[in-house]
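Enquirer: One predicted model, sequence on top.
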Protein chains: 2
Amino acid sequence: MARKTGSHSDITGPAIHAAALKLFARHGYDAVSMRQIASEVGLQAGALYNYVIHKQALLYDLMRGHMEALLDASEDALEAGLAPKEALEQFVRFHISYHVQRAELVFVSYMELRALDADNFAEIARLRRAYENKLEAILRAGQGRDFALEDTKLATLALIAMLTGVTNWFREEGRLDQEAVAAHYVAMAQRLAGAR
Amino acid sequence: MARKTGSHSDITGPAIHAAALKLFARHGYDAVSMRQIASEVGLQAGALYNYVIHKQALLYDLMRGHMEALLDASEDALEAGLAPKEALEQFVRFHISYHVQRAELVFVSYMELRALDADNFAEIARLRRAYENKLEAILRAGQGRDFALEDTKLATLALIAMLTGVTNWFREEGRLDQEAVAAHYVAMAQRLAGAR
DNA sequence: GCTTGATTTGAACGCATGTTCAGTTAAACG
DNA sequence: CGTTTAACTGAACATGCGTTCAAATCAAGC
C-alpha cells in the first residue's frame, strides 16, 4: 500500500465542501461551477469526483449536515425541565447564537431548497420540521398558563422567521454585539408569546 | 406605417415579464434560460431582445417594479393620523395582504438579490430600506408611550422578517384564511411591540 | 529505491448558455 | 393591392457547463 490507508485524503474532502459552501453562499448554487469550486481548492474539476458523486450531492451533503448538526446541538443545548418562559429564552439564545455563527450554512440551506431534487428536498424539509417542533413543544407546554397564545403553530412560524432573520443583517462589528441582540430578541419573543 | 404605432406590442412585453417571474420563482434566476422564458410565451429566444436589453434587466425590472409598487401602495394604504397601535395594525394587515397576493414577486425579490450586479443591488436595497422606514416610523412614534420597546430598529427588522415569512407557507386552501392569519399576526406584532 | 495505489491532471464528450442579426412574416395604412 | 415596418424566426457565435477517463504524478511501505 502507499499513502494512508482508507479511501481519500481527509483534508481535500472537507476543503471541497468548505469551498462549495463559500461559493454557493456568495453566488448561489446554479451560478457556481465545478471548475470554480475546484479552483478555489487548487484542483482541476475532475478531481472533485473522487469526493462527490455529482454537484447536487455537494449541496445536499451541506444541507443535511447542517440540519442534523442543528438538531444534535439543540438536543444538547435545550435543557429539559425548565419553565416554559425560561425554555423559550434558552431556545431564542441558542437559535441566534448557532445561526449567527454559521451564517453561510443557514443562508444556503434556506436559499437553495429549490435546487434540490424531490427526494432530497423532502428529507431536508423533514429535518426542518423536526427542529421547529422543538420550539412548538415549548410554546404548547406553556399555552394558557405561562403564555397567552391563540395559535402555537402560527407563533412557531412567526418566531422562527423572526429569529432566523437575524442572520441576514447581523455583523460582528455592528452597533450591537451578539449578546445584546439576543437579549432584545428574548424580550421580544417573550412578549410575542404573551409570557407572564 | 404598418401595425400599431408605438414601439412594441403591449401584450408580448408584459407576457415575457410574467413568464420570467413565474420561472424565476420556480427555479431561480440562474437556472432559467432565455429559451425557456421565450418558449413559455411562445416565442424564439431572439425575440425577447425586442423587449429586454439582457437577462439581468429582466430580473432588475421585476424587482424594481415590485419595490416601487410596494412603496406606492403603502403610501396609499397607510393612513396618517392613526394612533401608533392602530397604525401598527394597519401596517401588519397591509404587509401580509400585499405580500401574500404577490408571493412570486416577493420570493424572487428576496431570493435573487445576489444575482443583481452592484448598482442594481444598491437601488433595490435603497427601496427596501425606504419601506422598512415606514414601519420604524410607526414604532418610533409610539415609543415609550403606546409601545414598550428598547430598540425600534431591531423591532423593525424582527417584525418585517416575521411578517414576510408568511409568504413562505401561506396557502389559500390552508387551515386559516388570510383574514384569520392577519388577525393573529396583528395580535403577535402588538404584543411584540409591548402595545398597551 | 522500487513498487504500489491513492490522488490528480488534462483533454475530451455532448450539450446548453446569452446574445446578435440577416432574413421572413404579417398586419395595418394609403 | 401594394407598401411599409413592427414583430419574429432560425441559425450562428463563442463560451461555458457537468461529467468521464486514460494517463501522469506522488508519497509511503517494503
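Expert: Arrived safely, thanks for sending.

Enquirer: So what does the residue nearest to residue A:56 when sequence neighbours are not counted have for phi and psi?
Expert: Counting by CB to CB, 6 or more residues apart in numbering or on different chains, the nearest residue to residue A:56 once its immediate chain neighbours are dropped is residue A:117, at 6.6 Å. Where C-beta positions appear, they are placed from N, C-alpha and C, glycine not excepted. Phi and psi for residue A:117, reported as degrees, to the nearest 10, are phi -80, psi 170.

Enquirer: Can you get me a residue count around residue A:117?
Expert: A total of 9 residues lie near residue A:117 under the criterion other CB atoms under 10 Å in any protein chain shown.

Enquirer: Likewise for residue A:145?
Expert: A total of 10 residues lie near residue A:145 under the criterion other CB under 10 Å.

Enquirer: And it, how far from DNA strand C?
Expert: With the distance defined as CB to the nearest atom of the strand, to the nearest Å, residue A:145 ends up 56 Å from DNA strand C.

Enquirer: Let's verify that residue: helix, strand, or coil?
Expert: Classification of residue A:145 by DSSP: H, G, I helix; E, B strand; the rest coil places it in coil.

Enquirer: got it, and residue A:176?
Expert: Bear in mind the rule, three-state DSSP; under it residue A:176 is coil.

Enquirer: for residue A:80, same thing?
Expert: When states are read from three-state DSSP, the local structure at residue A:80 comes out as coil.

Enquirer: Return the residues in contact with the residue nearest to the spatial centre of chain A.
Expert: For chain A, the residue whose C-alpha lies nearest the mean C-alpha position (CA atoms, centre = their mean) is residue A:106; its distance is 4.1 Å. Residues in contact with residue A:106 (CB atoms under 8 Å, 6 or more residues apart in numbering or on different chains) are A:66, A:99, A:164, A:167.

Enquirer: quick one: which of those is most hemmed in?
Expert: Neighbour counts for the contacts of residue A:106 were taken using other CB under 10 Å; the highest belongs to residue A:99, with 21 neighbours.

Enquirer: hang on, it packs against residue A:162?
Expert: No: contact between residue A:99 and residue A:162 fails when scored by CB atoms under 8 Å: they sit 11.9 Å apart.

Enquirer: any bit of the helix or strand containing residue A:71 sitting next to DNA strand C?
Expert: Taking DSSP states H and E as the definition, one finds residue A:71 inside helix A:55-77. No: contact of helix A:55-77 with DNA strand C (CB under 7 Å from any atom of the strand) is absent, the minimum separation being 12.5 Å.

Enquirer: Okay, buried residues for that helix please.
Expert: Of the residues in helix A:55-77, A:55, A:58, A:59, A:60, A:61, A:62, A:63, A:64, A:66, A:67, A:70, A:74 count as buried by neighbour count, 16 or more other CB atoms under 10 Å in any protein chain shown.

Enquirer: hang on, the earlier thing: so which of the contacts of residue A:106 is the closest to DNA strand D?
Expert: residue A:66 (20.5 Å; CB to the nearest atom of the strand).

Enquirer: Ramachandran coordinates for residue A:96?
Expert: For residue A:96, the backbone dihedrals are phi -60, psi -50 (criterion: degrees, to the nearest 10).

Enquirer: Who are the contact partners of it?
Expert: By CB under 8 Å, 6+ apart, residue A:96 lies in contact with A:163, A:166, A:178, A:181, A:182, A:185.
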